[in-house]
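Peer 1: What shape does this take:
(one chain, ligands or ions: 2)
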Amino acid sequence: MSTETTLIEPFSVSIDFAESVMVDPDNHNIRRASTMSGYYADDEALEQLIDEGDDPLHYETYEKHVPEQYGHLLFCISKIQPGVVGEEFFMTKGHYHTIAHTGEVYLCLQGEGLMLMKTSVGEFRYERMRRGQLVYVPPYWAHRSVNTGREPLTMFCVWPADAGHNYGDIATEGFPRRVLLRDGREVIQ
Ligand SMILES: O=P(O)(O)OC[C@H]1O[C@H](O)[C@H](O)[C@@H](O)[C@@H]1O
Ligand SMILES: [Fe+2]
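Peer 2: Ligands and ions are numbered 1, 2, ... in the order given. Model (predicted):
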């Protein structure tokens, strides 16, 4: 592991709380429904959403560039659209960090949802997110956010800049539990 940490100039960023967006990001990453192939239980429902909805926006992130090195911090605004695929609420793919012993902080700015967390040996936990709630994701826990509300779920996230993303077993095994809308109610199954 390199421990070189580049000296850069301080800077500041505006966040528009009304719109829950970063005003002048370096990266605006968009994930459309088609990038979620294989992540939901109901593949057919996802295909239908892609075809009928013209591959709609699923979630997006706004980031500033900082060196991806030990000592620096990456941060972003992450915004997940409301909706369901079949009966499963819209969610992120979820990831471990490549450097597994790194954590992350998520502060919910808007909407409501759940942060699902699991370890590589199958432990599972979740925390609720609503405006003003901060979730601490400790090192070693994979994390996936789920929008269980009717408006976008928006979060501000901070994590070590050298941590990296590891989708590992999530692409094949998913998380131990899924979050569903059944008879108008949230079910964690
Ligand atoms: O990469 P995913 O698991 O799909 O999650 C999407 C994004 O969610 C959050 O905003 C994290 O801070 C990002 O690091 C991550 O890329
Ligand atoms: Fe992360």
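
Peer 1: tell me what the lengthiest helix in the chain is packed against?
Peer 2: The residue-count maximum for a helix in the chain (DSSP state H) belongs to helix 43-52. The contact analysis (3 or more Cβ pairs under 8 Å, 6 or more residues apart in numbering; DSSP states H and E) places helix 43-52 against strand 84-85. Every residue, glycine included, has its C-beta placed from N, CA and C.

Peer 1: one step back: how far does the longest helix of the chain sit from the chain's center?
Peer 2: In terms of Cα atoms, centre = their mean, to the nearest Å, the centre of helix 43-52 is found 21 Å from the chain centre.

Peer 1: Kindly report the same for stretch 13-28.
Peer 2: Computed by Cα atoms, centre = their mean, the chain-centroid distance of stretch 13-28 equals 17 Å.

Peer 1: Need the distance between the two termini of stretch 48-57.
Peer 2: In stretch 48-57, first residue to last residue: 14 Å (Cα to Cα, to the nearest Å).

Peer 1: Counting neighbours, what do you get for the closest residue in space to residue 133 that isn't next to it in sequence?
Peer 2: What sits nearest to residue 133 in space, not counting adjacent residues and going by Cβ to Cβ, 6 or more residues apart in numbering, is residue 108, at 4.9 Å. Residues near residue 108, counting by other Cβ atoms under 10 Å, number 23.

Peer 1: circling back: name the residues that touch the longest helix of the chain?
Peer 2: For helix 43-52, contacts defined as Cβ atoms under 8 Å, 6 or more residues apart in numbering pick out 32, 33, 34, 36, 37, 40, 56, 83, 85, 86.

Peer 1: Just list the residues touching the fourth one, thanks.
Peer 2: Same thing as residue 36. Going by Cβ under 8 Å, 6+ apart, the list of residues near residue 36 reads 46, 58, 85, 93.

Peer 1: who wins for most neighbours among those?
Peer 2: In terms of neighbours by other Cβ under 10 Å, these top out with residue 58 at 25 neighbours.

Peer 1: now the host helix or strand of that residue against helix 43-52, angle please.
Peer 2: Assigned by DSSP states H and E, residue 58 belongs to strand 57-63. Here the directions of strand 57-63 and helix 43-52 differ by 80 degrees (axes from the mean of the first three to the mean of the last three Cα atoms, to 10 degrees).

Peer 1: ok, then the element right after strand 57-63?
Peer 2: Following strand 57-63 in sequence, per DSSP H and E, is strand 73-80.
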